[in-house]
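> predicted coordinates and the sequence they were generated for:
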Amino acid sequence: MVALARKTLVYEWRRFLPAILAVGFAGLLQLLQLALVLGIFGSTSLYITGSSADVWVGYPGTQSVGSGRSIDPNVEARILMDPAVQRVEPYIWVDGDWRGAKETGGVSVFVSGIDPSPNGLMFSKALSPALRARLTQPDAIVVDRSAVDQLGIGIGQTATINGHQVQVVGISSGLRALGGVNVLCSLDTARRLDTDSEDNGPTYLVARIRHPNHANAVALRLRGDRSFGPYTAWSARDFARRSVLYWLFDTGAGAGVLFLAGIVFLVGAVITSQTLIAAVNGSVREYATLNALGVGVAALRKVVLEQAFWVGALGLLGASVLGVVLLALARSQDVPVVLNVPAALSCIILVMGLAAVSGLAAMRSLHRVDPATLLR
Amino acid sequence: MSTATASKPSPAPALRAEGVCKAFVSGKQRTQVLDRLDLSIETAELTLISGPSGCGKSTLLAVLSGLQKVDGGRVLALGSELGQLDLHALERFRLQHTGFVFQGFNLFPALSALEQVELPLSHMGLSREVARRRARASLEEVGLAHRMLLRPAELSGGEKQRVAIARALAKEPELLFADEPTSALDAANGQIIIDILHRIASAHGTTVLCVSHDPRLVAHADRVLAMEDGRILSDRRNQPPVVDSHGTTS
């Protein structure tokens, strides 16, 4: 079979270039948007994903990590009684008001009080052992690299949080927060920074269990007991998803993503289908001649669809190459971007769907192919 | 392809029109283009339909080749009544039995001459090798053996029309329809095309029906039908051309 679709695409590439660019940029836009949203809202769960706890215990109804309430400290004993649990440690979340050495105005900080011991669970993936060790000093804090300018501070300098003096002992990376700045310190320091007199226990208890893939069952089992006041348990995975979804839909960002995806699809499809229709119209006499020679309209439709497929594939290739470069650039600039398999797949589906819809639209213009019109 | 090699008309006509009527309606204006027309076209002849523009000769070609339906009467092509065939069956009929050459050459800019000719063949269900062999043979027959790998942009007008003829010829059709095949060409190239069409009729036994107002064609056709206002005015048969010892016609 003569590869009419491909040969025409290569020979008349200028004609198809707008469609390839439209498809490519639609894909790229979608890809970057998704990666940014996942990155930004993924940061709302980095407390969970950056730690090695399998089960989280907190106040019932908590919708995201940042909106927990303190629970009874005696729950820890109850958790430890469960045979599946290996280790439990408290995690204290304190909302703080930052006053630095420089004039920065009010900066709200999220203080994470963690167990800084070398085998501590919290931020075990995000914090180096050396930095953890430094947190054992009283009133020592670690801030994220991305927030240094915002806080107007460097290593060794002091500032106050909730009126209490702290000293920066280290700079971490990959702990960018949404709507504030993450500050890490020891549990003792966090307790001193907490000005709420009603808080008399940790915000969360995090646990490592013997078989991490039993996390859901263990969380369910721990949930039943109410003898130590209100608390509940989630597997780390569930809690992370809960946090991200809360932010995604509470802030309207999720609806924004879907809306923009729709617009991108529409604009891409209009440009692409118009280009393909113009290409079909440009070859309508040749197609009509083939039809006169007995080549069926169905076979001609296949040629148009194949062209749409190649336009989609080439656009996708361009979008992938450019996307990888841009994502790497974003990463190097501490812009939170995350791309996972479902997100990449949804981009591929969007792009190929766009090409298919455009191909179908272009196929419709084949009805002008009437060989009788050649006899003039 | 027909195995007939005789240059004399055979008893059963390849094409027959019986009481064919065709009208075009544009707004409230109704134009009767063909009016109860009867016609038989014989096998293995080059038949020329000539007449002024607007006389209905292109419409006659369209209905005889099955590209357009008739309003009244019937068209028999190789024994099949074209009016009885649905769109799909008509496409199949054209695929198996007919070739077309148009005034515009209608070649795909991206394909080489060889690929232009191969393209319809691959849709006939022929294997790649057979299609390639037939395409080569056809291009050689129209004298383009050395230009096979060139694209339309690299060919002259006459060469393009020869590619278009090769494309039709490679299908080995029983019926070959040509609409004004020489009107876009200069005298020399027009002459080459006329010779090729005539040779196809005599050597392959193909029924060639050509519509043209080009007077150069008249002398080379086996039969000339003059048309005006949707009717055949005259039906004239030329003497077979004298063939000299070198095989060229005079």
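Arrived safely. Residues are numbered from 1 along each chain as shown, chains lettered A, B, ... in the order given.
> how many neighbours does A:Gly254 have?
Neighbourhood size, A:Gly254 [other C-beta atoms under 10 Å in any protein chain shown]: 16. Quick note: C-beta positions are derived from backbone N, CA and C, even for glycine.
> which stretches of the chain form helices?
I'll assume chain A. Using DSSP state H, the helices of chain A run over A:4-11, A:13-42, A:46-49, A:75-81, A:129-134, A:148-151, A:187-193, A:215-223, A:236-250, A:253-282, A:284-292, A:297-332, A:341-364.
> switch to chain B, that's the one I care about
Going by DSSP H, chain B shows helices at B:57-64, B:87-97, B:113-123, B:128-141, B:157-169, B:187-204, B:215-218.
> can you pull the phi/psi pair for the residue lying farthest from the centre of chain B?
Within chain B, B:Lys28 marks the point farthest from the mean C-alpha position, 33.7 Å out by C-alpha atoms, centre = their mean. Main-chain torsions, B:Lys28, degrees, to the nearest 10: phi -90, psi -10.
> in the lowest-mean-pLDDT helix or strand in chain B, what's buried?
For chain B, using mean pLDDT, DSSP states H and E, the weakest element among its helices and strands is helix B:215-218, scoring a mean of 85. Neighbour-count burial for helix B:215-218, counted by 16 or more other C-beta atoms under 10 Å in any protein chain shown, picks out B:Leu217, B:Val218.
> by contact count, what packs against that helix?
Applying 3 or more C-beta pairs under 8 Å, 6 or more residues apart in numbering or on different chains; DSSP states H and E, one finds that helix B:215-218 contacts strand B:46-50, helix B:187-204.
> ok, now with 6 Å
Packed against helix B:215-218, as judged by 3 or more C-beta pairs under 6 Å, 6 or more residues apart in numbering or on different chains; DSSP states H and E, are no other helices or strands.
> might one say that A:Ile92 is in contact with A:Thr189?
No. A:Ile92 is beyond contact range of A:Thr189, at 9.4 Å (criterion: C-beta atoms under 6 Å).
> low-confidence bits of chain B, can you list those?
B:1-11, B:240-250 (pLDDT under 70).
> quickly list what the residue nearest to the spatial centre of it is bridged to.
Centre of chain B computed as the mean C-alpha position; nearest residue by C-alpha atoms, centre = their mean is B:Phe177, 1.8 Å away. Residues in a beta bridge with B:Phe177, per DSSP bridges, are B:Phe100, B:Leu209.
> ok, A:Pro230 - how many residues close by?
13.
> wait, it touches A:Pro60, no?
Yes. In terms of C-beta under 6 Å, A:Pro230 counts as a neighbour of A:Pro60; the distance is 5.2 Å.
> just give the nearest non-adjacent residue to the residue of chain B at minimum distance from chain A, would you?
Closest contact between chain B and chain A, by C-beta to the nearest C-beta, is at B:Leu95 (2.5 Å). Among residues not flanking B:Leu95 along the chain, A:Gly294 sits closest, at 2.5 Å (C-beta to C-beta, 6 or more residues apart in numbering or on different chains).
> residues from chain B in reach of chain A?
By the rule C-beta under 6 Å from any C-beta of the partner chain, the part of chain B lying against chain A is B:58, B:61-62, B:67-68, B:91, B:94-95, B:100, B:102, B:106, B:108, B:110, B:115, B:118-120, B:122-123, B:179.
> quick one, what contacts the nearest residue to A:Asn216 once chain neighbours are set aside?
The shortest distance from A:Asn216 to any non-neighbouring residue, by C-beta to C-beta, 6+ apart, is to A:Ser235 (4.8 Å). For A:Ser235, the contacting residues are A:Ala215, A:Asn216, A:Ala219, by C-beta atoms under 6 Å, 6 or more residues apart in numbering or on different chains.
> turn these into TSV, columns for neighbour count.
Putting the contacts of A:Ser235 into TSV (neighbours: other C-beta atoms under 10 Å in any protein chain shown) gives the following:
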residue	neighbour count
A:Ala215	23
A:Asn216	15
A:Ala219	23
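> which one of the residues you listed sits closest to chain B?
A:Asn216 (57.9 Å).
> count of residues packed around the residue of chain B closest to chain A?
When neighbours are defined as other C-beta under 10 Å, B:Leu95 has 19 of them.
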